[in-house]
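Chemist: predicted structure and sequence below. I'll ask about it afterward.
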Amino acid sequence: MRPKPPSGTLLAQLDDLPDPGARASDWEGGAVLLVRQGDRVTGWSNLCPHAGLPLALPDGRGLLHKGETLVCPVHGASFELEGGTCTGGPAAGDRLTPIPLVLDNGEVRAA
């Protein structure tokens, strides 16, 4: 299990995140995966619950399918962006670990 960032930790600048898109944070070697849709950003532990491998590619990008689901690049498990529930693939019944966030003046911080 990856660590959760302490409250107030700066994870990214909103303008540095692809829209729509997903990218690993710079904190703790990419321990948090940030998913942006407009002015909304959700945070997830950067680990697939199926095999404990990173959800982000080695360059830090996350894979979004049609802007609606996050896809594990290793086994193809798909996770819905609202609650992190697996909607297809080998992680059926699992869900991602949420990382609560706060957006403040263009900064994405841990809540």
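Modeler: Perfect, I can see it now.
Chemist: what's the mean pLDDT across stretch 66-80?
Modeler: In this model, stretch 66-80 has a mean pLDDT of 94.
Chemist: what sits opposite the residue nearest the centre of the chain in the beta ladder?
Modeler: Centroid check for the chain by CA atoms, centre = their mean gives residue 33 as the closest residue, at 2.8 Å. Beta-bridge pairing of residue 33 under DSSP bridges involves residue 24, residue 44.
Chemist: hmm, residue 23 and residue 61 touching each other?
Modeler: Yes. Between residue 61 and residue 23 there is a contact under CB atoms under 8 Å: 6.0 Å. For every residue, glycine as well, the C-beta is placed using N, CA and C.
Chemist: the two: who's more crowded?
Modeler: residue 23 (21 against 15; other CB atoms under 10 Å).
Chemist: the more buried one contacts residue 62, doesn't it?
Modeler: Yes. At 6.2 Å, residue 23 counts as touching residue 62 under the criterion of CB under 8 Å.
Chemist: which residues do the two both contact?
Modeler: Shared contacts of residue 23 and residue 62, defined by CB atoms under 8 Å, 6 or more residues apart in numbering, comprise 33, 56.
Chemist: cool, thanks, signing off.
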